[in-house]
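Colleague: Build me a structure from this.
(chains A, B, C and D)
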2 protein chains.
Amino acid sequence: MTSKSLVEVKKKYHHGDLREQLLEAVRELVEQHGPDDFSVAEACRLAGVSTAAPYKHFRDRHDILRGVVLLAMERMRAAMQTAADAYPPRDPKRIAALGQAYVDFARAEPGIFRTMFGLTEGHDDDPELTRAGDENCSIVERVTAEHLGVAPDNPEAKLRAYALWCFVHGHSFLCLDSKLPREMSKIDEGMLMLLVGNAMLPSPKE
Amino acid sequence: MTSKSLVEVKKKYHHGDLREQLLEAVRELVEQHGPDDFSVAEACRLAGVSTAAPYKHFRDRHDILRGVVLLAMERMRAAMQTAADAYPPRDPKRIAALGQAYVDFARAEPGIFRTMFGLTEGHDDDPELTRAGDENCSIVERVTAEHLGVAPDNPEAKLRAYALWCFVHGHSFLCLDSKLPREMSKIDEGMLMLLVGNAMLPSPKE
DNA sequence: TACATATGTAAGCAACGCTAACTTTCAAGA
DNA sequence: TCTTGAAAGTTAGCGTTGCTTACATATGTA
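Modeller: Predicted coordinates:
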């Protein structure tokens, strides 16, 4: 009885799911038009609701974007974790898969990806955003430390994790901007393995 | 006589320098409020001109941002070139200085830097933007090739240049977002030398 | 059933992006 | 020097947006 048929959903005064549906609508709009061109009003139209409704759930326009980004960060985190979990702890492929998941996310949701790293309005030191970012960061550190067989707070592991993080992040952005030579578009597996496997993480047991 | 005293400049019907002054005003606004929050109207106020004036020089709001980004790319290119030129061709410091110039630019103009890589509205395949980006990219390739003592189109050099580019770009972004552990904020010289000098560019003459 | 609260609507304001139509200035040729 | 067309400003105004205020309706709990 709690499951609503698609028919009877229309024209309930209380939407019941507006917050989540707005976030989804904005996610789509941002993906289509970029973060500066989406409009709250258009999202309202998509959700079938008046233009004043969002302000019962969000402080303002930026607060909606914040919500969208938080969801995206969680999605990204989950994707990275899943990718890493597909391989045993010290398999080099585990690291490559982690990086690949990052790049894949950027390519699958370029608009959101850019938005995640383009927020500067009032989110400079938002505790929730910072925590979500740190969490994603710590996945890389943990996996790297496991790979090296050292404690998670090992400085060497942290340094290498950071290098990996930088490389993958930069690669993701350069892919989106196609500011990389065309013939290098598909270096994911090969290059990640080369750089990550050989240069950055020379050998787990040395 | 062509040099205008600051006094007699005011209240000329023809502004004479509006295009450049608008770009500068928008640059400041973007740096302050971020790319989505700047308003053309506010830039007009800064330039002391009516809100319709910009449309004699730019197609629309996005076109203004495009101009700002193009200028920023040129500024960045010049900074990188200058930094590299401070060291002789095969000095490892030359590479490090190049990367450092990139990071420094991002830190000095974070709003513009984000804007440069956040444009997606209608600029997907803007030829001028693409060319400016490729030019910056090719500096890295050229310097790397020189360092390795090979031809500029050497595939090995291109690969290493791309890796350097990725790392530096990612590092820049992570610095801005402070999504890196706090104690790693000042790794510029040390880490660049470590990664770039040792891991990525093992030895120029091997 | 009554009521506090949550969640929606309607109406409206100020600001913005952009256009249309007009005005002023400049520069170049007769 | 005068004319004239293009370049570069202005004013006025349209439609949209972000957001607020006041009001309406539904929901959960006593």
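Colleague: Only the buried residues of the top helix by length along chain A, if you could.
Modeller: Criterion DSSP state H: the longest helix present in chain A is helix A:61-85. By 16 or more other C-beta atoms under 10 Å in any protein chain shown, the buried positions in helix A:61-85 come out as A:61-62, A:64-73, A:76-77, A:79-80, A:83-84. (Glycine included, C-beta is placed from N, CA and C.)
Colleague: dump the residue contacts of A:P54.
Modeller: A:L18, A:L22, A:V40, A:A43, A:C44, A:I64 (C-beta atoms under 8 Å, 6 or more residues apart in numbering or on different chains).
Colleague: Please tell me I have it right and the second one contacts A:D63.
Modeller: No - under the criterion of C-beta atoms under 8 Å, A:L22 makes no contact with A:D63, lying 10.9 Å away.
Colleague: Which of the three states applies to A:D125?
Modeller: coil (DSSP: H, G, I helix; E, B strand; the rest coil).
Colleague: gap between it and A:V69?
Modeller: Here the criterion is C-beta to C-beta, to the nearest Å. By it, A:D125 lies 15 Å from A:V69.
Colleague: Repeat that for A:M76.
Modeller: Distance from A:M76 to A:V69, by C-beta to C-beta: 10 Å.
Colleague: Overlap in contacts, the two.
Modeller: The contact sets of A:M76 and A:V69 overlap at A:M116 (C-beta under 8 Å, 6+ apart).
Colleague: any weak-confidence spans in chain A?
Modeller: Along chain A, segments meeting pLDDT under 70 span A:1-15, A:121-122, A:124, A:178-206.
Colleague: Could you chop it up by domain?
Modeller: Using automatic domain parsing, the domain ranges for chain A come out as A:15-58, A:69-200.
Colleague: Export these as a markdown table, with columns for distance to DNA strand C.
Modeller: Listed next are those as a markdown table, based on distance: least, C-beta to the nearest atom of the strand, whole Å:
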| stretch | distance to DNA strand C |
| --- | --- |
| domain A:15-58 | 3 |
| domain A:69-200 | 15 |
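Colleague: so who does A:C44 touch?
Modeller: A:L22, A:S50, A:T51, A:A53, A:P54.
Colleague: Would you mind checking these for buried ones?
Modeller: If you count burial by 16+ other C-beta under 10 Å, the buried members of the contacts of A:C44 come out as A:L22, A:A53, A:P54.
Colleague: could you dump stretch A:114-122 to PDB, C-alpha only?
Modeller: The C-alpha trace of stretch A:114-122 is given here as PDB (Å, rounded to 0.1, in the frame of the first residue of the first chain):
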ATOM      1  CA  ARG A 114      33.300  19.500 -12.600                       C
ATOM      2  CA  THR A 115      30.700  20.800 -10.200                       C
ATOM      3  CA  MET A 116      32.300  18.800  -7.400                       C
ATOM      4  CA  PHE A 117      35.500  20.700  -7.800                       C
ATOM      5  CA  GLY A 118      34.100  24.000  -8.900                       C
ATOM      6  CA  LEU A 119      32.200  24.900  -5.800                       C
ATOM      7  CA  THR A 120      33.600  28.000  -4.300                       C
ATOM      8  CA  GLU A 121      30.600  30.200  -3.500                       C
ATOM      9  CA  GLY A 122      29.900  29.600   0.200                       C
END
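Colleague: What residues sit buried inside that stretch?
Modeller: So, applying 16+ other C-beta under 10 Å, buried residues of stretch A:114-122: A:R114, A:T115, A:M116, A:F117, A:G118, A:L119, A:T120, A:E121.
Colleague: Out of these, list just those in helices.
Modeller: Among these, the members falling in helices (DSSP H) are A:R114, A:T115, A:M116.
Colleague: Could you report the distance from the residue nearest to the last one when sequence neighbours are not counted to DNA strand D?
Modeller: If I follow you right, that is A:M116. Nearest-residue entry for A:M116: A:V69, 5.2 Å, with adjacent residues in sequence omitted and distances by C-beta to C-beta, 6 or more residues apart in numbering or on different chains. Distance of A:V69 to DNA strand D, given as C-beta to the nearest atom of the strand, to the nearest Å: 16 Å.
Colleague: show me what contacts A:V69?
Modeller: A:I112, A:T115, A:M116, A:L119, A:L129.
Colleague: go with 10 Å
Modeller: A:27, A:30, A:35, A:112-113, A:115-119, A:123, A:126, A:128-129, A:132-133 (C-beta atoms under 10 Å, 6 or more residues apart in numbering or on different chains).
Colleague: Around A:R131, how many other residues sit close by?
Modeller: 11 (other C-beta atoms under 10 Å in any protein chain shown).
Colleague: cool, and A:D153?
Modeller: Quick note: A:D153 (other C-beta under 10 Å) scores 9 neighbours.
Colleague: what's the answer for A:Y162, then?
Modeller: Neighbour tally, A:Y162, other C-beta under 10 Å: 23.
Colleague: how close does A:G16 sit to chain B?
Modeller: Applying C-beta to the nearest C-beta, to the nearest Å, the value for A:G16 to chain B is 31 Å.
Colleague: which element is the closest residue to A:L29 other than its chain neighbours on?
Modeller: What sits nearest to A:L29 in space, not counting adjacent residues and going by C-beta to C-beta, 6+ apart, is A:F38, at 3.9 Å. Following DSSP states H and E, one finds A:F38 outside all helices and strands.
Colleague: In contact with A:F38, which residues?
Modeller: With C-beta under 10 Å, 6+ apart, A:F38 has these contacts: A:25-32, A:61, A:64-65, A:68, A:111, A:115, B:36.
Colleague: ok, it to DNA strand D distance?
Modeller: For A:F38, the distance to DNA strand D - C-beta to the nearest atom of the strand - is 7 Å.
Colleague: Would you mind giving the dihedral angles phi and psi of that residue?
Modeller: The phi/psi pair for A:F38 (degrees, to the nearest 10) reads phi -70, psi 150.
Colleague: what do you get for the one 5 residues further on?
Modeller: Backbone geometry at A:A43, expressed as degrees, to the nearest 10, gives phi -60, psi -40.
Colleague: Please apply the same query to the one 10 residues further on.
Modeller: With angles defined as degrees, to the nearest 10, A:A53 shows backbone torsions of phi -60, psi -40.
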